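[1] I'd like to go over a predicted model; first the sequence, then the structure.
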Amino acid sequence: MAFRKKADLILKYKPDILVVPECEHPDKLKFNKETPIPTDIFWYGTNLHKGLGVFSYGNYKFKLLDVHNPDFRNVLPLSVTGGKFDFTLFAIWANNPRDKDGHYITQIWKAMHYYDSLLLDNKTILVGDFNSNTIWDKPRRAGNHSTVVANLEAKKIFSTYHKFHGQTQGKEKHPTLFLYRHQNKPYHLDYCFASTDFMEKLTNVEVGNYNDWTRYSDHKPLRHSVLTPQLSVFPVIWIELVLKYNHKFIPSRSSNKPTHPLPPCMEHNLRNGRELGRIVGPSLLLARMKNIPKPLTD
């Protein structure tokens, strides 16, 4: 929310593509005079104050694919063109309180089957706030986090963080969220899945540390560097995906207090039978830089 007030914090990384969930409608974006202006904008949503925005700061152009299914309103299949090659970008913020089957990972599970023909082993990126982790798997539910990961891997689309750091799903050493900015409430909710051609050029994955980023957000930046000379006239460029969050959400009422570890998007305070909670949604940066970026943990 209020991306216009936080844009400069992200744009210092000189992005090519910026994906911002919980972004206000472009008509409401009033930037500072010094703030770079995007060359292309795609915005999707029903609330002018909180939609999903995708911004280009280079030659890239976006188009929502005709096969888009509005039932998965925050899983957006976009064609990205204008660079040295075209690719498909799924911008994701897994949160649909209207779906009784499941608000979060279920959205990705359903979308993954609907867009099956688009999930290829090349030129494919899925990135965003999945609001999920293997630790919250429901064994009897087919579309849990682990089955989503397994299905993507069967298509040779892998989690960049887990591959690069040799991590196991559900046992991540680097949290992407500290709930309510509390250091004793760490979770890993945010992911980038990339096809084999991107994975082969992956050179670095970093997660911002608690001390450096807590003043900005509950969530920590997740930076991916991919060596891809063919994307630019420069001999070496870097692609980065940076996640930053700024969303609040009140989950539905329930009279039963959960017994499993609470997901960050559904931490509850039971007051007179009503549950209150908050999540913080993502901003995603796909950035190009001529030089090697300074580590987030410096």
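    Here it is on my side, so go on.
[2] Model confidence score at the residue most central in space within the chain, please.
    For the chain, the residue sitting closest to the mean C-alpha position, by Cα atoms, centre = their mean, is residue 128 at 1.2 Å. Here the pLDDT value assigned to residue 128 is 83.
[3] Leaving out the residues flanking it, which one is nearest to it?
    residue 92 (3.2 Å; Cβ to Cβ, 6 or more residues apart in numbering). (Each C-beta comes from the backbone N, C-alpha and C, glycine too.)
[4] Tell me which helix or strand residue 53 sits in.
    Using DSSP states H and E, residue 53 maps to strand 50-56.
[5] Counting by contacts, list what that strand packs against.
    Judged by 3 or more Cβ pairs under 8 Å, 6 or more residues apart in numbering; DSSP states H and E, strand 50-56 is in contact with strand 15-23, strand 40-47, strand 75-81, strand 87-93.
[6] That one: which residues count as buried?
    In terms of neighbour count (16 or more other Cβ atoms under 10 Å), strand 50-56 has its buried residues at 50, 51, 52, 53, 54, 55, 56.
[7] Pull up the gap between residue 123 and residue 85, please.
    Separation of residue 123 from residue 85 (Cβ to Cβ, to the nearest Å): 7 Å.
[8] neighbour-wise, which of those two wins?
    More crowded of residue 123 and residue 85, by other Cβ atoms under 10 Å: residue 123, with 16 against 12.
[9] Model confidence at the more buried one, what's the number?
    On the pLDDT scale, residue 123 is placed at 94.
[10] Okay, strands next: where are they in the stretch 101-250 of the chain?
    124-129, 157-159, 177-178, 186-187, 190-195, 202-207, 222-227, 238-245 (DSSP state E, counting those that start in this stretch).
[11] Lowest average confidence across those, which one?
    Minimum mean pLDDT among those: strand 238-245, a mean of 38.
[12] what's the closest non-adjacent residue to residue 175?
    Closest residue to residue 175 apart from its sequence neighbours, by Cβ to Cβ, 6+ apart: residue 186 at 3.4 Å.
[13] okay but the one you found is in contact with residue 180, surely?
    No - here residue 186 lies out of contact with residue 180, judged by Cβ atoms under 8 Å, at a distance of 11.6 Å.
[14] who's more crowded, these two?
    Using other Cβ under 10 Å as the criterion, residue 186 and residue 180 rank with residue 186 on top: 17 against 11.
[15] So, low pLDDT: which residues of the stretch 51-200 of the chain?
    The model of the stretch 51-200 of the chain has no residue with pLDDT under 70.
[16] Try it again at 90.
    Residues of the stretch 51-200 of the chain meeting the criterion pLDDT under 90: 51-58, 72-74, 83-86, 92-102, 127-129, 138-142, 176-178, 181, 190-192, 198.
[17] ranges for the helices of it?
    With DSSP state H, counting those that start in this stretch, the ranges of helices along the stretch 51-200 of the chain come out as 105-114, 145-154, 160-165, 196-199.
[18] can you list contacts of the second one?
    In other words, helix 145-154. Here helix 145-154 makes contact (Cβ atoms under 8 Å, 6 or more residues apart in numbering) with 105, 108-109, 112, 119, 126, 130, 132-134, 136-137, 158-159, 169-170, 193.
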